[in-house]
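Student: Quick one: sequence plus predicted model below, questions after.
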Amino acid sequence: MPESLSPRISELARADGGREADYLAGLNPEQRRAVEATEGPVLVLAGAGTGKTRVLTTRLAHILATGRARPWELLAVTFTNKAAREMRERITNIIGPQAEGLRWTGTFHSIAAQILRRHAELVGLKSSYTILDPDDVERLLKQLIEAANIDAKRWTPRALAGHIDNWKNRGWSPERLPPSEGGHFAEGKGAILYAAYQERLKVLNACDFGDLLLHNITLFQKHPDVLADYHRRFRYILVDEYQDTNVAQYLWLRLLAQSHGNVCCVGDDDQSIYGWRGAEVDNILRFERDFPGATVVKLERNYRSTANILGAASGLIAANKGRLGKTLWTELPGGEKVRVTGVWDGEAESRVIADAIEDAHRKGRPYRDVAILVRASFQMRAFEERFILLQLPYVVVGGPRFFERAEIRDAIAYMRLVQSEDDDLAFERIINTPKRGIGDTSVSKILAIARGNGVSASLAARGLANTDELPARTRTALATFLRDMDRWRGQVETLQHARLLETILEESGYTDALRLDKTPTAQTRLENLKELVQSMGAFDTLSSFLEHVALVMDLENRGAAEDSVQIMTLHSAKGLEFPLVFLPGWEEGVFPSQRSVDEKGEKGLEEERRLAYVGITRAREEARISFAANRMVYGRWTTQLPSRFVDELPLANVDAASETGYYGAGPGLKEAASRWDEAPTFGGGYTSPGWRRGQQTMAGRDPGFRQRDVIEGKGKLVATSDPKAESTYTKGGRVFHQKFGYGVIRLVEGNKLTVSFDKAGEKKVIDTFVERV
DNA sequence: TTCTTCACGCTTTTT
DNA sequence: GCGTGAAGAA
C-alpha cells in the first residue's frame, strides 16, 4: 500500500483481507461481480434502475482499496459534467478526502482538453488555445460560406456546422473525409469548406468541441511516446454510458486502453438515445469483438420501479431488434398499472394532467416527485400555460443554458477580448454591442483589412482609427472603444476579475442600455449578469474562468431545492427517476417523431422506442401515458393517431382510462376499449369507423376532416373544437358575429351528439345530429 | 446607421 | 405562434 494513500483506504484494504470490506456490503451477486472483475476488458450491461452508479463508484473504490492503483492513475470518463460531479461526490463518500487525487475524472471533452493543453504544440496549436462555442462556430462558417460565394440561405452555416460536427464525431479530419461525404453540402464544396474552416481555426488558435478529441487522436497516433506516457499514467479506465460513445470517442478510448486493456465500460444498449449526434450503439454491441477476452456482466435486478412499470417498459422494448437482451426483474410489488389516457386535444391533456397532479398533491405527494416528460419542447407550452393559470409550481429543466444567453455571451466576449486582443470572434460580437455607431459597413471594412494583412481585427481597427477612411463620427466611436479596451486590459492585474467585469459592463454602457430597454426581459438579463459576476468569484484566474465557461455550460444547483413539478424532455430525463411520471403526446408523428422515422427509417424508429423505454423506466411508482386526438403544432391544428408504442404496451401491465372516451387503433387498446363504459370520442379525424357527420362520411381517420371543422346542426354552427373559433352569419339582413364554445364532444346514444362545454366554468350540453351508417 | 416589416422555419442536446 | 434574420425605408 503506497504511503500517500489515506488511512481510510488502507483501512478498507485491511477489511478486504479478513471480512468483507464494508463498501462491498449490500451489493447483489451481479453487482459484486462487476466490481471485482478488475483486470482486462469488462462490459457491464446495466439495465435501467439496476444500481449502475453504485457499481461504478464502488468499483473505483475497490481498485484503490486493494492497492491496484492510486487515485491519479484512474481515468474515469462520463458524458456530462453532472455525471462526473456525481461520481466524484459518491467516491468521496466511500473513500473520503483522498478522492481529491482523482485528477482524471471528468467528461470526454474536459479530459481531452487537459491533455491537449499539455501537447498543443504537437498538433499546431498554442497551449493557450480558446474553445469556441457553437455560436462562434456558426458565425465563422458563415463568413467562410459567403467568402466562397455560396448562397448562405440555401446552404446554412448551421447545416454545415452539423455536418462538420458529424464528421468529427466519426473521426474524420478534412484529409480523411470520404469523398462522398463532402457532397452533402453546397454541391460538393463541403470538403473544401471543412478544410478552410480547420485552417481558420489554426490561425485563430482555436478549437471546437469535436477538435478536442480529434486532436487527441492525431496526437496519440503521431506521437507514440506521448501515448506511451499516458499508458503508464492511466492504469485503469472506466467509461460511463458507453452506449452513447461516438466513433471518435471510441478511437480515443481504444488508443488509451491498448497497452493493458484494463477498460471497464458501463452502459445499456436499450438506453442509447443519442444516435442523431453520432452515438454508435454498435460500439456496445461489438464490445466483445473489439476487446477479446472481455468479461461481460449483466445487471438485471431493478431496484427502482414496480413490476407493472417494468413489465410495460420491457414489453415495449422487446419490439426492437438487435438488442443484447436483458431480462429485468424486481422484487417490488406490482403496484399501479401504467395508465393510458386518450384526450381530445393538447389543452385537455394539460388540464387532465394538472388535475391529476393537484389530486396527488392533496394526497400528500410533493410536487418535486412529479415529472412530465415530453418528446419535444413545443409540447411544454401547454403545460406551462395551464400551470401558470392554476398557480401550480413547476420548473422547466434544461431549456436555454445560462451561458448561451445573449447577455452572458456578450459579457464573456468582453472578457475574452480583454484576455487576448486577437480573439476576432469576440471582437466582432461586441464591437457594436451596445450600439455605439459602428455599423455593418465599418465592421466589414475592419475585417477586410484584417484578413488582407493577416492581422487581428483589433490591430486593423487601430490602424483605421488613425486614418480618414471612416466617417468622423464612426472613427471617434472606434477610437473610444479601443481606448476603453486598453484601459480595461491594464486593469487585469490590479482588479479582481469579477470587479473588472462589473467595471466593463458599466463603462461600456452595456448595463445602461439594458436599463433603458423597456422589454420585459431586460430585468432578467441584468439579473443574469449579476449572477455571472458572482459566479466568477469562485475562480482564481480569468483564464480558468473562461475555460470553465467553455466546457461546463451549465451553472450548478440553480433552483434545485424548490418543490415544483419538473417539466423536461425525455432526453434530459435520462439518469433521473421520479415516483410519478407523466408521458404526454404519444401520437404518431410526435412520438415517434416523424422526422426521426423519415430520416433514419427503422433505425430511427428503434431509437424512438428506446426513448419511450427510457421514459417509462424513469417512474418508480406510477407512469401515465396520454395522447390527444388533436394537437396544435407550430400554430397549426393537426389530427393525431395514437402512437404505435401505445399498442405495443403489454395489456397485462396497462390500464386504459379515458377522459373523453377513445376508440383505439391497434389490437391491444381495441380490446381495452371494448371494456370501457364510455362511448367513443367523436371528432377530429380520430373517430370510430362507420360514423358519419352530417352528410359527410368520416370513415375512420379521414384526413380531410380537421380540428377547425365544425359540427353543424340545422344550418347553424353549434360547436367547434377550436377554442378561438368565431363565426359570422347573416340573419334578417343583419350580420351576427358569434364566439363559440369549446369542449369535449361525446357520442351518447343513437344519433345524438353531445357536446359539453366547460370553457369559463360554464357547463352546457348541446344535442345535435349524427347519423350512424 | 438604425428602425420597420416581412418571410421563414421549426426534434431531441452535450461538450 | 413566435422569434430570428435579412431586405427595404427613414
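Tutor: Sure thing, it's come through.

Student: now the closest residue to A:Thr306 other than its chain neighbours, what's its secondary structure?
Tutor: Beyond its immediate neighbours in the sequence, the residue positioned closest to A:Thr306 (Cβ to Cβ, 6 or more residues apart in numbering) is A:Gly335, lying 2.9 Å away. The C-beta positions use only the backbone N, C-alpha and C, and glycine is treated the same way. Of the three states, A:Gly335 takes coil under DSSP: H, G, I helix; E, B strand; the rest coil.

Student: what pLDDT does A:Gly335 get?
Tutor: At A:Gly335 the predicted local confidence, pLDDT, stands at 84.

Student: That one against A:Ala619, yeah?
Tutor: No: the pair A:Gly335 / A:Ala619 is not scored as a contact, 9.5 Å apart, by Cβ atoms under 8 Å.

Student: shared neighbours, those two?
Tutor: When contacts are counted by Cβ atoms under 8 Å, 6 or more residues apart in numbering, A:Gly335 and A:Ala619 are jointly contacted by A:Ile309.

Student: Compare these two (neighbour count), which wins?
Tutor: Comparing A:Gly335 with A:Ala619 by other Cβ atoms under 10 Å, the one with more neighbours is A:Ala619, at 30 against 19.

Student: residues contacting the more buried one?
Tutor: Applying Cβ under 8 Å, 6+ apart, we find A:Ala619 in contact with A:305, A:309, A:577-581.

Student: interface residues of the stretch 1-150 of chain A facing DNA strand B?
Tutor: Residues of the stretch 1-150 of chain A lying close to DNA strand B (Cβ under 7 Å from any atom of the strand) are A:79-82, A:107, A:109-110, A:134.

Student: Swap in 10 Å and give it another go.
Tutor: Within the stretch 1-150 of chain A, the residues that sit near DNA strand B (Cβ under 10 Å from any atom of the strand) are A:78-85, A:106-113, A:131, A:133-135, A:137.

Student: In strands only, show me those.
Tutor: Assigned to strands by DSSP state E, the following of these qualify: A:78, A:106-107, A:131.

Student: Lowest-confidence one in those residues?
Tutor: Across the set of these, A:Ile131 stands lowest in pLDDT, at 89.

Student: who touches that one in this structure?
Tutor: A:113, A:206-209, A:212, A:547, A:550-551.

Student: From these, which land in helices?
Tutor: Among the contacts of A:Ile131, the ones falling in helices (DSSP state H) are A:113, A:209, A:212, A:547, A:550-551.

Student: Looking at these, which is nearest A:Gly182?
Tutor: A:Phe209 (21.1 Å; Cβ to Cβ).

Student: and A:Asp229, which of the three is it?
Tutor: helix.

Student: so where does the closest residue in space to A:Gly604 that isn't next to it in sequence fall, helix or strand?
Tutor: Leaving aside its sequence neighbours, A:Gly604 sits nearest to A:Ser596 (Cβ to Cβ, 6+ apart; 3.9 Å). Per DSSP states H and E, A:Ser596 falls inside helix A:594-617.

Student: Next secondary structure after that helix?
Tutor: strand A:619-633.

Student: mind listing what the closest residue to A:Arg351 other than its chain neighbours touches?
Tutor: Take A:Arg351 and drop its neighbours on the chain: the residue closest to it by Cβ to Cβ, 6+ apart is A:Arg386, 6.2 Å away. Residues near A:Arg386 by Cβ under 8 Å, 6+ apart: A:347, A:350-351, A:354, A:392.

Student: Closest one of those to A:Phe645?
Tutor: A:Ser350 (20.4 Å).

Student: Give me the subset of the contacts of A:Arg386 lying in helices.
Tutor: A:347, A:350-351, A:354.

Student: Throw those into TSV and include pLDDT, thanks.
Tutor: Formatted as TSV, the entries for the ones in helices among the contacts of A:Arg386 read as follows, by pLDDT from 0 to 100:
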residue	pLDDT
A:Glu347	79
A:Ser350	88
A:Arg351	85
A:Ala354	91
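
Student: quick one: A:Leu500 from DNA strand B, how far?
Tutor: 26 Å (Cβ to the nearest atom of the strand, to the nearest Å).

Student: Now do that residue against A:Met536, distance only.
Tutor: Computed with Cβ to Cβ, to the nearest Å, the distance linking A:Leu500 and A:Met536 is 9 Å.

Student: give me every residue that touches the closest residue to DNA strand C within the stretch 1-150 of chain A.
Tutor: Nearest to DNA strand C, among the residues of the stretch 1-150 of chain A, is A:Lys142, at 7.0 Å (Cβ to the nearest atom of the strand). For A:Lys142, the contacting residues are A:152, A:157, by Cβ under 8 Å, 6+ apart.

Student: Can I take it that it is in a helix?
Tutor: Yes: counting by three-state DSSP, one finds A:Lys142 located in a helix.

Student: Tell me where the model's unsure across chain A.
Tutor: For chain A, applying pLDDT under 70 flags the ranges A:1-21, A:344, A:399-400, A:518-520, A:553-561, A:635-639, A:656-773.

Student: mind checking how far A:Ser593 is from DNA strand B?
Tutor: 4 Å.

Student: tell me which residues form a beta bridge with that residue?
Tutor: Here A:Ser593 sits in beta bridges with A:Gly589, going by DSSP bridges.

Student: what does A:Ile567 give?
Tutor: So, taking DSSP bridges as the rule, A:Ile567 has A:Ile372, A:Val396 as bridge partners.

Student: Now for it: which residues touch it?
Tutor: Neighbouring residues of A:Ile567 by Cβ under 8 Å, 6+ apart: A:371-372, A:374, A:380, A:383-384, A:394-397.
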